[in-house]
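A.B. asks: I'll drop the sequence and a predicted model, then ask my questions.
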Amino acid sequence: MNDTMLTLYYKPSCPYSERVICTAEALGLTFDLRDISASEVLRNELIEKGGKKQVPYLEDTDRGVALYDSGDIIAYLSEHYGTNAAEGVRIFRSDAACDACE
């Protein structure tokens with residue numbers, strides 16, 4: 001069981017968000033997932049916290065860390081929550097890119 005408070009702002013259609021979610025699954029981590037495409041309140045919350053509407057955005061409240069960029073998030077999760085986080089990570093492939101990815 002994971003007692004760490006990890007919050008991930010994401011969009012289901014974003015391949016970068018999908019990479020982070022797959023890494024979390026591989027590590028057995030649980031996120032408080034916040035889909036900004038489903039809620040204007042969550043979009044505004046993300047902008048207030050991080051300064052932009054870009055996803056993915058990770059908050060680790062236990063460590064006081066907040067990160068954008070899937071590569072940085074995956075590296076962070078690998079360093080702090082497991083050594084093999086990037087192994088076997090599935091990448092969501094789609095011709096459509098979310099607004100934040102463009």
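C.D. replies: Cool, got the structure. Small disclaimer: the values here were computed from a predicted structure and weren't measured. Numbers count the residues shown, from 1 in each chain.
A.B. asks: Tell me the confidence at the closest residue to Ser37 other than its chain neighbours?
C.D. replies: Counting by C-beta to C-beta, 6 or more residues apart in numbering, Lys11 is the residue found nearest to Ser37 once chain neighbours are left out, at 4.6 Å. For every residue, glycine as well, the C-beta is placed using N, CA and C. Listed pLDDT for Lys11 reads 96.
A.B. asks: try Gly88
C.D. replies: Note for Gly88: predicted pLDDT of 43.
A.B. asks: first to last residue in stretch 22-42, what's the distance?
C.D. replies: 22 Å (C-alpha to C-alpha, to the nearest Å).
A.B. asks: List the buried residues of it.
C.D. replies: Neighbour counts over stretch 22-42 (16 or more other C-beta atoms under 10 Å) mark 22-24, 26-27, 29, 31, 34, 36-37 as buried.
A.B. asks: Could you provide those residues in a markdown table, with additional columns for secondary structure and distance to Gln54?
C.D. replies: As requested, the buried residues of stretch 22-42 are exported to a markdown table (DSSP: H, G, I helix; E, B strand; the rest coil; distance: C-beta to C-beta, whole Å):
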| residue | secondary structure | distance to Gln54 |
| --- | --- | --- |
| Cys22 | helix | 19 |
| Thr23 | helix | 18 |
| Ala24 | helix | 18 |
| Ala26 | helix | 23 |
| Leu27 | helix | 23 |
| Leu29 | coil | 21 |
| Phe31 | strand | 17 |
| Arg34 | strand | 14 |
| Ile36 | coil | 10 |
| Ser37 | coil | 13 |
